[in-house]
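J.: here is the input, now give the coordinates:
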Amino acid sequence: INAEYGEGNFPLNSVRNQKYNPFTFIFVVLFEQFRFFANLYFLIIALTQYIPALQVGYLFAYVSPLVIVLSITIGKEAWDDFQRARRDKQANSEQFDRLTKHGLEKIPSSEIKVGDIIVIKTNQRVPADMIVLRTTEKSGASFIRTDQLDGETDWKLRRAVGITQKLSNDDDLFKLNASIYAEQPKKDIYQFVGVITQFDRDNREFTEPLNLDNTLWANTVVASGTVTALTLYTGAETRSVLNTNVPKTKVGILDLELNELCKVSAGLLVLLSFLLTAFKGFTGYWWIYFFRYVLLLSAIIPVSMRVNLDLAKALYSILIMRDPEISGAVVRSSNIPEELGRIQYLLTDKTGTLTQNEMIFKKLHLGVDYFSSENLNDVKNHLENYQTSHSKQIFIKQKLRKTISVSVHDAIQALALCHNVTPVEEIIDNQRIITYQAASPDEIALVKFTESIGHILVERTLNSITLRNIKNQLEYYEILEIFPFTSESKRMGIIIKDQSDQIIFFEKGADVVMKDI
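T.: Residues are numbered from 1 along each chain as shown. Below is the predicted model:
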């Protein structure tokens, strides 16, 4: 872990999203433009004026429109690529704190190498694929935002490596004799396999497996706390780059439609020229007259159409970026701004995209009994009755015949314990406020509900949960195992041990899977 920087042959940690380079720019742009029939048509018309027998007007009148169209297109492409280069330079020059034996030092993102230990603060971008060594939370937990990687707005929970989290401070990392084995770089952002091996003074090995929960992928953002992480993959080997396709020239539907109309117009032009030639008669150099008719009638396809379209797209792009109602909007390609006007339907994969993931408690249903937001006091009364009359002996007897109070307590206890929520203390306006952080706002809503009726989540670590019940007494639970929620299982579970050494399994999930249990 504390090896010399830059060992091994690894790619540079630089970001490059440009489509062109100075040597190929003109050739690639011209190739992309002449793939359109309209531009190829104007080029052929202009070239025919270099043949004396086919000249029907001034050369300038046929060449200048094509030059104007290509100049506008080349200028737009050059400007778009220049803006990409500026964004790349900004990302590559972003400063990060690298932890060394002599303290922290500032380095740009492009100079980060495999093996560097980087300190990432809240709301700071992760510059490379990393392993979480330590966090400022005692539990070693931290949350990240991955919307720039997978489009998900929910926060994801990440945990520090146990071997390094238990160290007293970051400087002790350089006293640690350990190594990390990681798999080859791959595109899958939902899986990771690795292992960390620690060697003590007697050269004995202590290993700890590494998985997705210990990773920070590049271009994610640390949402809570400060993270100390070890750089694992850089540059072209990061997950975000491996999942990025080679940038291509984007073409709007309007351009394709105009291209088809140009083909139809060209067909009519050829047909009309053929008819005029036929009326004159196919004698002598009739084919020269045919091409002259084509040139004389070439105005059927107006070159101004392309000029107006390109200028309109450039104007639309500028107006979008200057629109006060969508401040912060960035037009990354000025070729397709009109596509926004074609949106007719908005398809979403879940309701949270439209409802902003806000949940409000409506009803708690327990078999034949149910409680709504209007009679929450009844829930509190049942919890108080349970706490007053509860004992281990009574609980065992009531296992055969559950009362309403026991059912209410079990349900609230399940909501208060079966989750991945972590309470975090924040200082806002010089006041200490406890906030909840979780991968899903749904879980936060459930924990806030239990808090409103007296079951408060006080502390959570990797191995324990502490609650304060309605009698203001602390309850300690040991976490034995967690079964995380997945899209396949559609449920999550947790096995805990309470203070009476009773082991309980709680499970929650979607109704389609829970109703069959």
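J.: which non-adjacent residue is nearest Gly235?
T.: Once flanking residues are discounted, Gly235 sits nearest to Pro11: 3.6 Å by Cβ to Cβ, 6 or more residues apart in numbering. Where you see a C-beta, it was placed from the backbone N, CA and C, and this is true even at glycine.
J.: is Arg86 in a helix, a strand, or coil?
T.: At Arg86 the chain is in helix, as set by DSSP: H, G, I helix; E, B strand; the rest coil.
J.: tally of neighbours for it?
T.: A count of neighbours around Arg86, defined by other Cβ atoms under 10 Å, yields 10.
J.: pretty sure the residue nearest to Gly235 sits against Glu237.
T.: Yes - using Cβ atoms under 8 Å, Pro11 is in contact with Glu237, at 5.8 Å.
J.: which one's more surrounded, those two?
T.: Remark: of Pro11 and Glu237, Glu237 carries more neighbours, 19 against 15, as counted by other Cβ under 10 Å.
J.: how close does that one sit to Asn92?
T.: 16 Å (Cβ to Cβ, to the nearest Å).
J.: please apply the same query to Gly140.
T.: 31 Å.
J.: more neighbours, those two?
T.: Legend: neighbour count by other Cβ under 10 Å for Gly140 and Asn92, higher for Gly140 (23 against 17).
J.: quick one: contacts for that one?
T.: Residues near Gly140 by Cβ atoms under 8 Å, 6 or more residues apart in numbering: Val132, Arg134, Arg159, Ala160, Val161, Gly162, Gln165, Leu462.
J.: please name the bridge partners of the first one.
T.: Under DSSP bridges, the beta-bridge partners of Val132 are Ala229.
J.: and if you look at the third one?
T.: Applying DSSP bridges to Arg159 yields these beta-bridge partners: Ala141.
J.: correct me, but it touches Asn463?
T.: No - in this structure Arg159 lies outside contact range of Asn463 using Cβ under 8 Å: 11.5 Å.
J.: okay, and Ala61 sits in which element?
T.: Ala61 belongs to helix 59-92 when assigned by DSSP states H and E.
J.: quick one: buried residues of that helix?
T.: Going by neighbour count (16 or more other Cβ atoms under 10 Å), the buried part of helix 59-92 is 62-63, 65-66, 69-70, 72-73, 76-77, 80-81, 83-84, 88, 91-92.
J.: hang on, Ala160 packs against Lys138?
T.: No - when contacts are counted by Cβ under 8 Å, Ala160 is not listed as touching Lys138 (10.4 Å).
J.: give me the more crowded residue out of these two.
T.: A count of neighbours by other Cβ under 10 Å puts Ala160 above the other of Ala160 and Lys138, at 25 against 11.
J.: where does the closest residue to that one other than its chain neighbours land on pLDDT?
T.: Spatial nearest neighbour of Ala160, excluding adjacent residues (Cβ to Cβ, 6+ apart): Gly140 at 3.6 Å. Note for Gly140: predicted pLDDT of 82.
J.: next one: Gly140 from Leu467, what distance?
T.: Counting by Cβ to Cβ, the gap from Gly140 to Leu467 is 21 Å.
J.: thinking again about what came up before, show me which of Arg159 and Asn463 is the more surrounded one.
T.: Neighbours per residue (other Cβ under 10 Å) separate Arg159 from Asn463, with Arg159 holding more: 18 against 10.
J.: output the lowest mean pLDDT helix or strand found in this protein.
T.: Least confident helix or strand, the chain: helix 392-398 with a mean of 44, by mean pLDDT, DSSP states H and E.
J.: past it, which element shows up next along the chain?
T.: Downstream of helix 392-398 (by DSSP H and E), the next one is helix 404-417.
J.: quick one: that next one to chain centroid distance?
T.: 36 Å (Cα atoms, centre = their mean, to the nearest Å).
J.: buried ones in whatever helix or strand comes next after it?
T.: Scanning forward in sequence from helix 404-417 by DSSP H and E, the next helix or strand is strand 422-428. By 16+ other Cβ under 10 Å, the buried positions in strand 422-428 come out as Thr422, Pro423, Val424.
J.: same check on stretch 408-415?
T.: Buried positions in stretch 408-415, judged by neighbour count with 16+ other Cβ under 10 Å: Val408, His409, Ala411, Ile412, Gln413, Ala414, Leu415.
J.: ok, now which ones touch the fourth one?
T.: By that I understand Ile412. Shown in contact with Ile412 (Cβ under 8 Å, 6+ apart): Val379, Leu383, Thr450, Ile453, His455.
J.: excluding chain neighbours, what is closest to the third one?
T.: Looking back up the chat, that one is Thr450. With Cβ to Cβ, 6+ apart, the residue lying closest to Thr450 is Ala416, at 4.3 Å.
J.: tell me how many other residues crowd that neighbour.
T.: 25.
J.: what is the burial count for the residue nearest to Leu462 when sequence neighbours are not counted?
T.: Sequence neighbours aside, Ser139 is the residue nearest to Leu462 in space, at 5.5 Å (criterion: Cβ to Cβ, 6+ apart). Per other Cβ under 10 Å, the neighbour tally for Ser139 reads 16.
J.: try the one 4 residues further on
T.: Under the neighbour criterion other Cβ under 10 Å, Phe143 is assigned a count of 23.
J.: part of a strand, is it?
T.: Yes - assigned with three-state DSSP, Phe143 falls within a strand.
J.: next one: it from Ile482, what distance?
T.: 16 Å.
J.: start to end distance for stretch 90-107?
T.: 13 Å (Cα to Cα, to the nearest Å).
J.: got a list of contacts for it?
T.: Contacts of stretch 90-107 (Cβ under 8 Å, 6+ apart): 2, 14-15, 108-110, 112, 116-121, 124-125, 127, 170, 173-174, 228.
J.: same thing but 6 Å
T.: Residues from elsewhere that reach stretch 90-107, judged by Cβ atoms under 6 Å, 6 or more residues apart in numbering: Ser14, Val15, Pro108, Ser109, Ser110, Asp116, Ile117, Ile118, Val119, Pro127, Asp170, Phe174.
J.: which of these count as buried?
T.: Buried subset of the contacts of stretch 90-107 (neighbour count, 16+ other Cβ under 10 Å): Ser14, Val15, Ser109, Ser110, Asp116, Ile117, Ile118, Val119, Pro127, Asp170.
J.: how about the first one, what does it touch?
T.: By Cβ under 6 Å, 6+ apart, Ser14 lies in contact with Asn92, Ser110.
J.: and if you look at the third one?
T.: Under the criterion of Cβ under 6 Å, 6+ apart, the neighbours of Ser109 are Asn92, Glu94, Pro127.
J.: in the stretch 251-400 of the chain, where is pLDDT below threshold?
T.: Residues of the stretch 251-400 of the chain meeting the criterion pLDDT under 70: 348-358, 390-400.
J.: all strands for it, in order.
T.: Counting by DSSP state E, counting those that start in this stretch, the stretch 251-400 of the chain has strands at residues 363-366, 369-372.
J.: is it true that Ile496 touches Tyr477?
T.: Yes - taking contacts as Cβ atoms under 6 Å, Ile496 lies within contact range of Tyr477: 4.4 Å.
J.: list the buried residues in the helix or strand harbouring Asp97.
T.: Using DSSP H and E, Asp97 sits within strand 95-100. Buried residues in strand 95-100, counted by 16+ other Cβ under 10 Å: Phe96, Asp97, Arg98, Leu99.
J.: what do you get for stretch 490-501?
T.: Quick answer for stretch 490-501 (16+ other Cβ under 10 Å): Arg491, Met492, Gly493, Ile494, Ile496.
J.: would you confirm that Met130 belongs to a strand?
T.: Yes - applying three-state DSSP, one finds Met130 inside a strand.
J.: quick one: the nearest residue to it once chain neighbours are set aside and Thr283, what's the gap?
T.: Once flanking residues are discounted, Met130 sits nearest to Ala229: 3.7 Å by Cβ to Cβ, 6+ apart. Note on Ala229: its distance to Thr283, by Cβ to Cβ, is 84 Å.
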